[in-house]
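Chemist: Can you look at this prediction? I've put the sequence above it.
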Amino acid sequence: MDFTGKVALVTGGGNGIGRAACIAFAKHGAKVVSVDRDGAAAEATAGIVRQNGGNAIAVTADVTKSAEVQAYVKTTLEKYGRIDCFFNNAGIEGKVMPIAEYDEGVFDAVIGVNVKGVFLGLRHVLPQMIRQKSGAIVNTASVAGLVGTPGMPAYVASKHAVLGLTKTAAGEVGRQGIRVNAVCPGPVDTRMIHALEEQISPGNPAAMSERYQSTMPTGRYTTVEEVANMVLFLCSDLAANTTGGQFVVDGGRTATGGAVTNLATHRSS
């Protein structure tokens, strides 16, 4: 997995999976662009890369706004001249709430970041990759894009949509030297899962965490580094004829049907 001389653009690069991917790309030789709406977090990621001898810049951008997506693409090209790998990763979780009670504004916000943000990333990065006649894209979906999760309608809908965008894009650009895949993490040890634990069990989120992890075949949450490793593989020449796929990193949760024994179920019990 040698990315020497290549440029990796990562949205949601300010923390969690995005930060881990930036660090991993740089470790394997890539020049990195960390994009996040939290500019300080994006810069912190770039700083970590540089402190470890890598080459990175940070860009502040809201992925739901076309002009700002165009701007992060433009900045990347002005600095590095090309985009070889695009980790289209930015996302939010929304609320744990049944459909009959779900807030419309929260629904719109989740769809805006998780679907429109992914679409806009594809819309503005693909023209450059088409000009290059090369490139690899990984969109962040989720095991919530593969199964229903009662209590998370917006998130589930958004991640199913990401898989649809992934397959459509892969079919459109495969003959132009571009591959598009999706990574489907299960629960990952990040702010997002801990925020959900807090929503469900405000009085004792640690007990919620322990209970939820105990339902997984591996007995633990996935780490950000484990997801980043899958992303790098999919962007690498090792996956040269792999496109339009969805790759699960979830400790066996969906394999055992565990995804339907979900957070909302724990909430009501």
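Modeler: Yep, it's here.

Chemist: For the rest of this, base every contact and every neighbour count on C-alpha atoms.
Modeler: Fine.

Chemist: For stretch 89-109, give the mean pLDDT please.
Modeler: Regarding stretch 89-109, the rounded mean pLDDT is 95.

Chemist: Which residues does that stretch contact?
Modeler: 10-13, 18, 36, 63, 110, 113-114, 117-118, 138-140, 150-155, 192, 196, 199-200, 264 (CA atoms under 8 Å, 6 or more residues apart in numbering).

Chemist: Quote the end-to-end distance of stretch 77-88.
Modeler: One end of stretch 77-88 to the other measures 17 Å (CA to CA, to the nearest Å).

Chemist: do the same with stretch 86-93
Modeler: Criterion CA to CA; first-to-last residue distance in stretch 86-93 is 21 Å.

Chemist: For that stretch, buried residues please.
Modeler: Using 16 or more other CA atoms under 10 Å as the test for burial, stretch 86-93 gives 86-91, 93.

Chemist: Name the next helix or strand downstream of the helix ranked longest in the chain, please.
Modeler: Longest helix of the chain, by residue count under DSSP state H: helix 153-173. Downstream of helix 153-173, the next assigned helix or strand under DSSP states H and E is strand 178-185.

Chemist: what are the pairing partners of that following strand, and which direction each?
Modeler: strand 135-140 (parallel), strand 246-249 (parallel) (DSSP bridges).

Chemist: and the first one, how far from the chain's centre?
Modeler: So that's strand 135-140. Computed by CA atoms, centre = their mean, to the nearest Å, the chain-centroid distance of strand 135-140 equals 10 Å.

Chemist: likewise the shortest one?
Modeler: Between the mean C-alpha point of strand 246-249 and the mean C-alpha point of its chain there is a distance of 12 Å (CA atoms, centre = their mean).

Chemist: Contacts for that strand, please.
Modeler: By CA under 8 Å, 6+ apart, strand 246-249 touches 142-143, 163, 181-186, 222, 226-227, 230.
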